[in-house]
Structures are given as structure tokens and as C-alpha cells.
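Student: Provide a 3D model corresponding to the input given below.
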Amino acid sequence: MGKKKKEVDDRFKKFGTVSFTSITKVNDFIDYLEKGKVMASKCKDCGLVFFPPRADCYQCLTSNMEWIEVSGTGKLVSYSKLEFAPVGFGDDLPYAIALLDYGDYKVFGRIADGVPEEEIAVGMDMKTVANELPNGQLNYVFQKA
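Tutor: As a prediction, the model looks like this:
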């Protein structure tokens, strides 16, 4: 009798312009992006929120986590326009990376291409939205609120 091969859950290979990993403990993140939702994880024991999502809490060392939606608006804390990019991202230049503060957690990501550079200002309200790239890959971007 032949052994049945264990199926590999590699959904995460669909994340980002260039995917550097295909297998994680938070592969469900991709399913949510496909449904138009950006999710964080929250520890059910201590309440700590994680973005990017984590499967395990570093504070209380539990795996008792739940998914919560990144919704509402965050305040733009910082941003930078990139003129040079890491390997695999050169065709995206120039683009802006940023940090949004949602109060209980922060989200790091890109500002959407459709946001004019002259309208970007520290302190402005932005929202995090799921995004599909031209090549079918998934990510999330920041838009004006």
C-alpha cells in the first residue's frame, strides 16, 4: 500500500508583490483578503492585538487567538516615498510605505497608488483595505478615509 501524501497548505504564496513564504500558521489571512477583509489576530487570554497577524501570543505564550477585522480609520504616523526597492519590487517604484495607528495596534503597509503625494500628511485619517494586484496576488493598501 502506498502512503498518502499530506497536502501542504501553501495559501500564503498568494500574498504580496513577491511572496517570500508560502506556508505560515496564519494562512487564513489570505482567505479573508479574498473576501475583501484585512484581519489582525487578538489573544483571547490577554487581549493583545497583532498585525501582521500571529498564531501565538508572545506575552502570555498561548495559541488561544481569534481573528479581528482591521476596520475604521487609523492615523498616519509616518510615511516614506521609496525611490529604490528590494529585489522583486523594482517595477513598483516609486511607492510610499507608511504606518497607521489604530489605537490598540499599528499597521505597516503601502499607501495606495491613487493617493496623490501632495495630499499625504502625517496625522491624516486613512483606512486599510484589501487589494488585488494585476498579477492576481493579494495584499492590502492604505487609502484616504
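
Student: can you give me the helices in this structure?
Tutor: With DSSP state H, the ranges of helices along the chain come out as 28-34.

Student: Now for Y102: which residues touch it?
Tutor: 70, 72, 74 (C-beta atoms under 8 Å, 6 or more residues apart in numbering). Where you see a C-beta, it was placed from the backbone N, CA and C, and this is true even at glycine.

Student: hang on, isn't the second one packed against K127?
Tutor: Yes: using C-beta atoms under 8 Å, G72 makes contact with K127 at a distance of 7.2 Å.

Student: neighbour-wise, which of those two wins?
Tutor: Between G72 and K127, K127 has the larger neighbour count (other C-beta atoms under 10 Å), namely 18 against 11.

Student: Okay, and the beta partners of that one?
Tutor: Taking DSSP bridges as the rule, K127 bridges to Q143.

Student: follow-up on the earlier one: show me the contacts of Y102 that map onto strands.
Tutor: G74 (DSSP state E).

Student: Nearest to D91, out of the contacts of Y102: which one, please.
Tutor: If you rank the contacts of Y102 by distance to D91 using C-beta to C-beta, V70 comes first, at 26.8 Å.

Student: what about the closest one, how many residues close to it?
Tutor: Neighbour count for V70, taken as other C-beta under 10 Å: 23.

Student: For it, give its distance to V8.
Tutor: Counting by C-beta to C-beta, to the nearest Å, the gap between V70 and V8 amounts to 28 Å.

Student: And S63, by the same measure?
Tutor: Taking C-beta to C-beta, one finds S63 at 21 Å from V8.

Student: what's the answer for I111, then?
Tutor: Distance, I111 to V8, by C-beta to C-beta: 34 Å.
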